[in-house]
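Visitor: Here you go, sequence then predicted model.
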2 protein chains.
Amino acid sequence: MNHAAEYSAGRAGETATATALAILEQRFGPRLSRGRAVREQHGHTLTWIANQPPDAVVFAETADDVADVVRVCAEHGVPLIAFGAGTSIEGQVNAPLGGISLDLSAMNRIISFNDSDLDCVVEAGVTRQQLNDHLHDRGLFFPVDPGASNATLGGMASTRASGTTTVRYGTMRDNVINVTAVMADGSVVRTARRARKSASGYDLTHLFVGSEGTLGVITELTLRLYGIPESILAAVCPFETIEGACNAVITAIQLGLGIARMELLDEVQVEACNSYSGLALKVAPTLFLEFHGSPAGTREQVESFREIAEGEGALGFDWAEQVEDRGRLWKARHDAYFAGRSLRPGVDAFATDVCVPISRLAECVRETHADILENSLIAPLVGHVGDGNFHVLPLVDMADADEVARVSGFLERLVARALAMDGTCTGEHGVGMGKIEFLEAEHGPGLEVMRTIKRALDPTGILNPGKMLGNLQRE
Amino acid sequence: MNHAAEYSAGRAGETATATALAILEQRFGPRLSRGRAVREQHGHTLTWIANQPPDAVVFAETADDVADVVRVCAEHGVPLIAFGAGTSIEGQVNAPLGGISLDLSAMNRIISFNDSDLDCVVEAGVTRQQLNDHLHDRGLFFPVDPGASNATLGGMASTRASGTTTVRYGTMRDNVINVTAVMADGSVVRTARRARKSASGYDLTHLFVGSEGTLGVITELTLRLYGIPESILAAVCPFETIEGACNAVITAIQLGLGIARMELLDEVQVEACNSYSGLALKVAPTLFLEFHGSPAGTREQVESFREIAEGEGALGFDWAEQVEDRGRLWKARHDAYFAGRSLRPGVDAFATDVCVPISRLAECVRETHADILENSLIAPLVGHVGDGNFHVLPLVDMADADEVARVSGFLERLVARALAMDGTCTGEHGVGMGKIEFLEAEHGPGLEVMRTIKRALDPTGILNPGKMLGNLQRE
């Protein structure tokens, strides 16, 4: 699972790195840190990939700071890793080849806010929570919700984040209007105007969204906003079978009900939530739903969904309107990650995700369950089912080589299963270092197109090397 | 206005072209045509750019045909222009450097249809009308509606088409799930899986959507589908002022009413429609609206919109539910283009479009009106106002050099005005040859990023040369 060695660029020579660091130290003074703790915090990963700290961390405060760091790194061939909040979970911020981690978290200004256009311009280090706090009194919100409330919007754009509301509001792909980025050659590109659509030139915005810092460093973004719905209802609905839950979701989507959240928890996960959060949910595959709209509209959605669910073997249907009641109803979903981990305290968790066409979701989940059982794993499952996307959280004792091997095999089969169903190796976690090995199988000749673009835009390979694209040598 | 000369690749040598044609004639027999009428039909443009026919037209029937033509053109350095229905209007299908026009209209198979996933796979030559006819009995539709019912879906993807329903359903950008394309090096790339989202690798789908055949030849697409709404209501609403109409639209969007179509016709256009279609509409800036949803939902939308409109100086509000009544109500909008042209029969029309943030729309339209007046032009205006996008149709006698110059100046100021308002030089018509000169002003250093990508993926410049990117020589 060590891909760094495959990467064409070598670790920058020690002299080159030393020179670059000396220049940057001159420029940034105390805003450059070589301290071990700071470096490790920036080389940290929330998954099984080992910590790989950079040689130094620079704390940027302005776009000019970013441009200066890029220029020095380019000149000396030193790797540069953009860092937001470090909540990515496939090793996107690791520094396998050393270099500079460029911390953008202090670039957290909300630059402008255009309520007629329902958009805003923010610096890359603004967090999701910060933006929503800012918007709340204006009756607006930014919908993409990957779970980590402190994720930065620059980081979310870079990993093409999505989450619980994607079924209604889309992913970062759908909600980033433009980005400003510093390219490897030092030029500053704004990928699009603020107009809602354009047929002018290549779509550079979407090229940046999901590129994990390998094409440029995002310093600023324009984002789509939405009005906070007049009425929000929440519901919880357990099903006899996981197929029933999936079929209810498919029907709801086909009818265009526009449900805002549709989350599936499998039985293992529900059991974990009961025990962790002191709940008494029926142990069954369960959908957690949220409905947004006008008061009449959400009632209509709830009634339509209840009818659909009854036809698919629903075992109950609780709903609530008041904030605190909705919170209580959704408590299990909110605590799912920690509840899952609590099934085996003290061991590691290999958070992973795949995404398939929703018509294949029930089948993919069923086969995955069988695989978990056969390999005696403990691995709760949570799905953004309206997108065909689900997470599995195998819990693994890293000291138990046999178990690690069983989990590795499970993860490989999970991806192969998703790809065979015309799905993707990752719906929202991204590639980082953790999923490089699957890109050839997923993209075929498309991977070489990606590598060609990377080589053209970052010829010396300084931008987040060792991530996403594997071997950049021409074949 | 001749940009061909700026393009780096020369016209292929006559010998190279002759050799390529001989090879292709061998391979395609009667499916290769050198006939003048066929060539002119394929070098045709619906706007003011002169007809520039290719040296020959090849009629492809399979993806293998496409791959063979690409290979021969690449080997001999001969320009290759993908052709769908030829309804683009900025010279996208012209052959300024000669070469082969590759007609994909016979690749019109609907390959698969996945109603659980609300998507379908089609060949590039399937038309919008053909697809919707196919889907109608299944209760589904494909929403992107650029006006030309016979536009091919491959062409619509290539120009990033949009239209009247974009405010609710998005553009081709939002509705293409993946494309299969033959690259300049002959490799066949499928840009994404059929899953609804993915965080795996660069977003090649969006790179192809809007690339106007300059990066590869699209042979197949997967598209998003939608359920035909249970209830559709149409309405027509004249306003005292164009600002009032724009403000009503902004408020409707802010409230998330989800109106499916919001079209603005200015007074000149309304007058043209009255005269052309024998109507008696009040001569005022008028919104044409369509509401999609459940029966209760659309009534609610209509009532909400009526209230908003009254507050913004609406002079009336007619609405209808039955198909034929809706058709009658919307007749003016449907006939707008021909009605506009009928204001000065026999002269040419310079169809153009720009797009600005909707907060700037009223201002942009007002300044544009003043400009039309000052320059004594006849130029009706139709806008997809929910997107901030509008079309102007200056009518011009090409034999009148002074008038041509006045129209040219008007078009340049129109783009400059849109760019100054953070808008784009084209919302949906694309760049082709007609808007190359504005890309530098719109994209700045981003244009060089686009050129770098083009050079990397099509190093010999055979794919639709002379379009979109201007001079490809490194500066």
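Guide: Nice, thanks for sending it over. None of the values given here were measured: they were computed from a predicted structure.
Visitor: From here on, just use CA atoms for contacts and neighbour counts.
Guide: Noted.
Visitor: Under the pLDDT cut-off, which ranges of the stretch 101-250 of chain A? List them.
Guide: Scanning the stretch 101-250 of chain A for pLDDT under 70 picks out no residues.
Visitor: Near chain B, which residues of it are found?
Guide: A:116-118, A:159-161, A:171, A:174, A:187-204, A:206-211, A:226-227, A:250 (C-alpha under 8 Å from any C-alpha of the partner chain).
Visitor: can you pull the contacts of A:L225?
Guide: A:L118, A:D119, A:C120, A:L140, A:F141, A:F142, A:P143, A:N175 (C-alpha atoms under 8 Å, 6 or more residues apart in numbering or on different chains).
Visitor: Likewise for A:A336?
Guide: Neighbouring residues of A:A336 by C-alpha under 8 Å, 6+ apart: A:Q269, A:A272, A:C273, A:V382.
Visitor: Looking at it now. What's its pLDDT?
Guide: At A:A336, the predicted lDDT confidence score is 93.
Visitor: ditto for A:A20
Guide: 97.
Visitor: what sits up against stretch A:390-397?
Guide: Counting by C-alpha under 8 Å, 6+ apart, A:340-341, A:344, A:347-355, A:377-384, A:403-404, A:407, A:427 sit against stretch A:390-397.
Visitor: which of these are buried?
Guide: A:340-341, A:348-355, A:377-384, A:403-404, A:407, A:427 (16 or more other C-alpha atoms under 10 Å in any protein chain shown).
Visitor: quick one: the lengthiest helix in chain A to chain centroid distance?
Guide: Assignment by DSSP state H gives helix A:401-420 as the longest helix of chain A. The chain centre lies 21 Å from the centre of helix A:401-420; the measure is C-alpha atoms, centre = their mean, to the nearest Å.
Visitor: Buried residues, that helix. List them.
Guide: Counting neighbours by 16+ other C-alpha under 10 Å, one finds that the buried residues in helix A:401-420 are A:E403, A:V404, A:V407, A:F410, A:L411, A:L414, A:V415, A:A416, A:R417, A:A418, A:L419.
Visitor: Output these as CSV; include the columns distance to B:A296 and pLDDT.
Guide: Conversion of the buried residues of helix A:401-420 to CSV gives the following (distance: C-alpha to C-alpha, whole Å; pLDDT from 0 to 100):
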residue, distance to B:A296, pLDDT
A:E403, 56, 96
A:V404, 55, 95
A:V407, 51, 96
A:F410, 48, 98
A:L411, 47, 96
A:L414, 43, 98
A:V415, 43, 98
A:A416, 45, 98
A:R417, 42, 98
A:A418, 40, 98
A:L419, 41, 98
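Visitor: just these that are near chain B?
Guide: Of the buried residues of helix A:401-420, not one also sits near chain B (C-alpha under 8 Å from any C-alpha).
Visitor: with the residues you listed in mind, which one is nearest to chain B?
Guide: Ranked by distance to chain B (C-alpha to the nearest C-alpha), the buried residues of helix A:401-420 are led by A:L419 at 8.1 Å.
Visitor: returning to that earlier point: what is the nearest of the contacts of A:L225 to A:F305?
Guide: Using C-alpha to C-alpha, A:P143 comes nearest to A:F305 of the contacts of A:L225, at 22.2 Å.
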